[in-house]
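Curious how this folds, go ahead:
(one chain, ligands or ions: 1)
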Amino acid sequence: MAGSKRQARADGGLRAHLRAATMAAHDLLDASMQAASGWQQRADYARFLELQHSARAPLEDWLEANAPAALRPPRQTALIARDLAALGHAVPDPAAAFAHPRSERGDALGAAWVLAGSALGNRSIARQVDRIGGGVWPVAFLGDGAMLEFWQALRERIERRADPAEAAGATRAATAVFAHFLSVSNAASRVAERADMAP
Ligand code: HEM
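Prediction:
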């Protein structure tokens, strides 16, 4: 959401710190995803879901291997696969592995925040998809209640102040997750550009 929809909050907790540190990355990602697919047409929405599946699969694997249970957001790739099947699309190949080293305090927390926080944006995208698709496009992923529940549980932890080492680890991991998503999205938008230029 380019510009102003996502404001930094100066309340001193880790969440505010992460939001401020990744705001530019989020805006870039938002713009890239609009260029790669958007969701104005049924086919655009299917591409949006394909991109989400490719990007999230390696992140879910990383969290499975590296995060304690309380910091492991519910997997969403199965929901995305269900939506894709309803639209008549196959599940795409996963993106390259998310290679962030598991070495610091805070990194699982930072990665979990990005995936869980994205459910807030998804809630508003779901409303648009509902309107544009006349209420018949599948929204198992965008309307995932389990991720919103996880988000509510995470808030208590993420809105506290963190010590500097934990905040630094969380920020590095969150930044790496945005970079991972951006590289998947930029690759998809290059494909979309080539398709637009094809005779
Ligand atoms: C076109 C794509 C996207 C749009 C339009 C979008 C939109 C939004 C919006 C409107 C919010 C603020 C919601 C609120 O405060 O109630 C938000 C927050 C957020 N989004 Fe996105 N988003 C997009 C993609 C993503 C992706 C792919 C990720 C993760 C990889 C992501 C991660 C986040 C995070 C971490 C937050 C902040 C959570 C917090 O407030 O602590 N977003 N997004």
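
All the strands of this protein, residue numbers only.
For the chain, no strands turn up when DSSP state E is the criterion.

Show me what the longest helix anywhere in it is packed against.
Longest helix in the chain, counting residues (DSSP state H): helix 164-197. Helix 164-197 is packed against helix 14-36, helix 42-66, helix 107-132, with contacts defined by 3 or more Cβ pairs under 8 Å, 6 or more residues apart in numbering; DSSP states H and E. Where you see a C-beta, it was placed from the backbone N, CA and C, and this is true even at glycine.

Residue 83 contacts residue 138, doesn't it?
Yes: between residue 83 and residue 138 there is a contact at 4.2 Å, judged by Cβ atoms under 8 Å.

More neighbours: the two, which one.
Each of residue 83 and residue 138 has its neighbours counted (other Cβ atoms under 10 Å); residue 83 has more, 23 against 19.

Next one: that one relative to residue 162, how far apart?
Look at residue 83 and residue 162: by Cβ to Cβ, to the nearest Å, they are 35 Å apart.

Residue 94 now?
Counting by Cβ to Cβ - residue 94 and residue 162 are separated by 31 Å.

Among those two, which residue is more densely surrounded?
Neighbour tally, residue 94 and residue 162, criterion other Cβ under 10 Å: the higher count belongs to residue 162, 22 against 18.

What count of nearby residues applies to residue 96?
Around residue 96 there are 11 residues (other Cβ under 10 Å).

Distance check, the closest residue in space to it that isn't next to it in sequence against the ligand.
In space, residue 96 comes closest to residue 58 once its chain neighbours are excluded; the distance is 6.8 Å by Cβ to Cβ, 6 or more residues apart in numbering. As for residue 58, its distance to the ligand is 12 Å (criterion: Cβ to the nearest ligand atom, to the nearest Å).

Pull the contacting residues for residue 58.
If you count contacts by Cβ atoms under 8 Å, 6 or more residues apart in numbering, residue 58 has them with 94-98, 180.

So which of the residues you listed is the closest to residue 174?
Nearest to residue 174 among the contacts of residue 58, counting by Cβ to Cβ, is residue 180 at 10.8 Å.

can you tell me which residues contact the residue lying closest to the closest one once chain neighbours are set aside?
In space, and not counting its chain neighbours, residue 180 is closest to residue 98: 5.3 Å by Cβ to Cβ, 6+ apart. Counting by Cβ under 8 Å, 6+ apart, residue 98 makes contact with 58-59, 61-62, 176-177, 180.

can you do 10 Å?
Residue 98 is in contact with 55-63, 65-66, 111, 173, 176-177, 179-181, counting by Cβ atoms under 10 Å, 6 or more residues apart in numbering.
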